[in-house]
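Colleague: need coordinates for the following:
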Amino acid sequence: MHEVGRHLQMQAKRCDEVDREAFARSAYNRYYYACFLVMREAFKRMDPSWAQNPHKSYPETLEGTIHRRLKREHLKAYKLGDSETTRSIESAQRAVKQLTKIFKVAYSVRVVADYNFDTSVVFEDSNKFSLNTVSIDDAYKWQNEVRILSESIVNAWDKFDV
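Modeller: All right, here's what the predicted structure looks like:
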């Protein structure tokens, strides 16, 4: 998906005005789905039933179920004096906050790209454009950021007794 998004981004930069908005919107869509697929795989590793969660529920799962479990396990590890697990969970807790922000932005931009045609893509020059104030360069980075952050959460999660 990410490579498809990159191709669409490059195509939007080369197209005439008639087609470039469609390519740009499609690039945002593919970048969103690239990070969604990474997160879905991480969710699946933590709890196989989460692989079926709807897109919009991802931030809720991160801020709710995952946050609460990390908090509970952090307290256990701290009481046991397990500094390695404590540090791993603290890293995961920071990752949850960052990942939630990314997903909220990515999802909202994807919705604008797919359904809100009154909101135009803003082309600053031949190489830069944005949608709903999110630059395409930021959208390009979502997948890698999600991969790193979700891995931090999964690494901590793997330390818990199930």
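
Colleague: going forward, measure contacts and count neighbours with C-alpha atoms only.
Modeller: Fine.

Colleague: and V146, what is it in contact with?
Modeller: 35, 38-39, 99, 102 (Cα atoms under 8 Å, 6 or more residues apart in numbering).

Colleague: let's see that with 10 Å instead.
Modeller: V146 makes contact with 34-39, 42, 95, 98-100, 102-103, 152, according to Cα atoms under 10 Å, 6 or more residues apart in numbering.

Colleague: my guess is H67 meets Q93, correct?
Modeller: Yes - using Cα atoms under 10 Å, H67 is in contact with Q93, at 6.9 Å.

Colleague: the two: which is more packed in?
Modeller: Counted by other Cα atoms under 10 Å, H67 and Q93 do not tie: Q93 has more neighbours, with 24 against 18.

Colleague: what helix or strand is the more buried one on?
Modeller: Per DSSP states H and E: Q93 is located in helix 83-115.

Colleague: what's the answer for H67, then?
Modeller: helix 67-80.

Colleague: and for the strand or helix carrying Y58, what's in contact with it?
Modeller: Using DSSP H and E, Y58 falls within helix 58-61. The contact list for helix 58-61 (Cα under 10 Å, 6+ apart) reads 36, 39-40, 43, 50, 53, 64, 66-68, 96-97, 99-104, 107.

Colleague: just to revisit the earlier point, so for the helix holding Q93, mean pLDDT?
Modeller: Predicted confidence along helix 83-115 averages 97 (mean pLDDT).

Colleague: ok, stretch 14-33 next?
Modeller: Mean pLDDT, stretch 14-33: 93.

Colleague: how close does the residue positioned nearest the centre of the chain sit to C35?
Modeller: Centroid-nearest residue in the chain, with Cα atoms, centre = their mean: F103, separated by 4.2 Å. Distance of F103 to C35, computed by Cα to Cα, to the nearest Å: 8 Å.

Colleague: overlap in contacts, these two.
Modeller: Residues touching both F103 and C35 (Cα under 10 Å, 6+ apart): 142, 146.

Colleague: my read: V121 touches D114, true?
Modeller: No - shown here, V121 and D114 do not form a contact pair, counting by Cα under 10 Å, at 11.9 Å.

Colleague: the two: who's more crowded?
Modeller: V121 (22 against 14).

Colleague: now that one. Nearest residue, chain neighbours left out?
Modeller: Leaving aside its chain neighbours, V121 sits nearest to L131 (4.8 Å; criterion: Cα to Cα, 6 or more residues apart in numbering).
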